[in-house]
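In: generate a structure from the sequence data that follows.
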Amino acid sequence: MMKRTVLSLLSASLLLGSVASHANTPAYVDSKEYKVLIDPSRFASNPSTAAATLLQNLSTRLSALGFDKTVTGNFSAGDRDTLAYYDTAKSCSLMKAGYSVRTRAGDHSDIQFKFRHPDEELSYWTDVSGAGKNKSTKLETDVTPGSLVLAHSTKQDATTTPATVADLIKQFPGASALSSFSSSTLSKVAGVTVTQQEYDGPESDLGQSKAEFALTLWYIDGAATPALAELSFRVEADEDKYFTTPVLQRSQVLNTALGSIGNNWNIANDGGKTSWLYAYRSSSFPNGFCN
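Out: Modelled structure (predicted):
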């Protein structure tokens, strides 16, 4: 069994209308990403030192869980980007329909259109096609200690930021599912811009695959200290063996460790970065972006 390539994902999206009367083929994800939000205050003064302590605590927890592999390498500062998410203020029409839009500038420059849903086939067969340059589409499993969704997304070169849903549909024809409110204005979610600093480096051998760890810090509107911190690891699907049982079992041990690191790292929030931003209360939206 082989994972689907970006080309096959795009082809399936384009052919969706012509095969609607036939049974859909199974959906195979390109990767699985396991993630958890952790206490951002631990990174206020010295993020690099805090990241090293986090990795030590995670390794200790894995040993207690009987993990039969090791985590090697250390966190070092990686990509730094400015992000903004867009939706309709107050109504949050995109989010309620399962979609999100994100722009990115800095070490990367692109715009992403994403659909998320717990049903794997529904997420896979939902059209997220783009019309821009350097398009890439993927289907990924997003796992937190308490939930699982499938994320189907396309990112492409950023041109202009869509001001309305109609503008979004021009850039991503897959967004035509939102045409019933095409005249609606798109605004920055929470009215804020996010500076995203990533740290990467640690890895763990899982057998036929490997887990690649990342630490992500979010700084709101240029603040000196992070308001959000996420620890995650990604496992790419093997071209020939897909995900073997030992890889999946070890990934679940790692996922359990993420949800129970100890030493007061974990916080009572299992919604992920995007959900966190939608709930963020800023001066522009003191009651939340959707209220």
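In: and the spatially closest residue to M95 that is not a sequence neighbour, what pLDDT?
Out: Counting by Cβ to Cβ, 6 or more residues apart in numbering, M95 lies nearest to D87, which is 5.6 Å off, once chain neighbours are set aside. Glycine gets a C-beta too; all of them are placed from N, C-alpha and C. D87 carries a pLDDT value of 98.
In: just S11 next, same as before
Out: S11 is given a pLDDT of 39.
In: renumber starting at 205 from here on
Out: Shifting the count to begin at 205 puts that one at S215.
In: one step back: so what's the residue nearest to M299 bridging to?
Out: Counting by DSSP bridges, D291 forms beta bridges with S391.
In: hang on, it packs against L390?
Out: Yes. Between D291 and L390 there is a contact under Cβ atoms under 8 Å: 6.6 Å.
In: shared neighbours of these two, anything?
Out: Listed as contacting both D291 and L390 by Cβ atoms under 8 Å, 6 or more residues apart in numbering are V305.
In: of these two, which one has the most company?
Out: The neighbour count for D291 versus L390, taken as other Cβ atoms under 10 Å, is higher for D291 (24 against 21).
In: separation between the more buried one and S413?
Out: Going from D291 to S413 by Cβ to Cβ, to the nearest Å gives 35 Å.
In: so what's F417 up against?
Out: L259, V275, F279, D404, G405, P406, E407, S408, L435, S436, F437.
In: go on, I315?
Out: For I315, the contacting residues are V305, R306, T307, R308, G336, K359, Q360, D361, A362, T363, T365, Q375, by Cβ under 8 Å, 6+ apart.
In: next, count neighbours for the closest residue in space to T292 that isn't next to it in sequence.
Out: Nearest-residue entry for T292: S388, 4.6 Å, with adjacent residues in sequence omitted and distances by Cβ to Cβ, 6+ apart. Neighbour count for S388, taken as other Cβ under 10 Å: 18.
In: cool, L481 as well?
Out: For L481, the count of nearby residues is 25 (other Cβ under 10 Å).
In: do the same with the one 3 residues further on
Out: Close neighbours of Y484, defined as other Cβ under 10 Å, add up to 19.
In: now the one 4 residues further on
Out: By other Cβ under 10 Å, 12 other residues sit near S488.
In: pretty sure it sits against I424.
Out: No. Assessed by Cβ under 8 Å, S488 is found out of contact with I424, at 11.6 Å.
In: which neighbours do these two have in common?
Out: Taking Cβ under 8 Å, 6+ apart as the criterion, S488 and I424 both touch V396.
In: list the buried residues of stretch 481-491.
Out: By 16 or more other Cβ atoms under 10 Å, the buried positions in stretch 481-491 come out as L481, Y482, Y484, S486, F489.
In: how far away is the first one from T264?
Out: In this case it means L481. According to Cβ to Cβ, L481 and T264 sit 31 Å apart.
In: same deal with I465?
Out: As judged by Cβ to Cβ, I465 and T264 stand 9 Å apart.
In: which one's more surrounded, the two?
Out: Set side by side, I465 and T264 show more neighbours around I465, with 19 against 14, by other Cβ under 10 Å.
In: the more buried one reaches R265, doesn't it?
Out: Yes. Between I465 and R265 there is a contact under Cβ under 8 Å: 5.5 Å.
In: need the CA coordinates for the host helix or strand of Q316. CSV is fine.
Out: Element membership of Q316, judged by DSSP states H and E, is strand 314-321. Only the C-alpha atoms of strand 314-321 are listed here, as CSV (Å, rounded to 0.1, in the frame of the first residue of the first chain):
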residue,chain,number,x,y,z
ASP,A,314,2.7,31.5,0.8
ILE,A,315,-1.0,31.4,1.4
GLN,A,316,-2.7,28.2,2.5
PHE,A,317,-6.3,27.0,2.2
LYS,A,318,-7.2,24.1,4.5
PHE,A,319,-10.2,21.9,5.3
ARG,A,320,-10.2,19.9,8.5
HIS,A,321,-12.7,17.1,9.6
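In: tell me which strands that strand pairs with, and in which orientation.
Out: Note on strand 314-321: by DSSP bridges, its sheet partners are strand 303-310 (antiparallel), strand 351-361 (antiparallel).
In: which residues sit against the helix or strand following the last one?
Out: Yep, that's strand 351-361 we're talking about. Downstream of strand 351-361, the next assigned helix or strand under DSSP H and E is helix 369-375. Residues outside helix 369-375 that contact it (Cβ under 8 Å, 6+ apart): 290, 292, 297-298, 305, 315, 317, 334-336, 360, 363-364, 366, 379-380, 382-383, 385-388, 390.
In: lovely, talk soon.
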